[in-house]
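heads up, no residue letters with this:
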């Protein structure tokens, strides 16, 4: 099972993208660090929910997905959508740094 780690700041910008994330999502850290995570990792139909969830968390600091593991879809560089397990944690409050661990839950290639 492929596992990757991605960290984002409060603006949703990727700050870290490990080799496992590179393998899982078919992108290199050099091309994604400093860019919006939603545009590169979240399939279009889920982006609005992600943006709404981030805005709600930033406003209230009440976690919805943080601390839980959920099954969700991720966007591969090929344009394919792949099923992953996602676990989120807060690594830093000031400045805010959220890290997601993604685990591929299907063995089929994108």
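Good, I have the coordinates. All values reported here derive from a predicted model rather than from experimental measurement.

Now do the buried residues in whichever strand in the chain runs longest.
When the chain is scanned for its longest strand (criterion: DSSP state E), the result is strand 81-93. With burial defined by 16 or more other CB atoms under 10 Å, the residues of strand 81-93 counted as buried are 81-82, 84, 86-88. Using the backbone N, CA and C atoms, a C-beta is placed for each residue, glycine as well.

Just send the residues you listed back as TSV, with distance to residue 17 and pLDDT too.
Converted to TSV, the buried residues of strand 81-93 look like this (distance: CB to CB, whole Å; pLDDT from 0 to 100):
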residue	distance to residue 17	pLDDT
81	19	95
82	16	94
84	15	95
86	15	94
87	16	95
88	15	92
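
contacts for the longest strand of the chain?
Where contact means CB atoms under 8 Å, 6 or more residues apart in numbering, the residues beyond strand 81-93 that reach it are 7, 24, 43, 63, 65-76, 96-106, 110.

Could you list which of those belong to helices?
With helices taken from DSSP state H, the overlap with these comprises residue 24.
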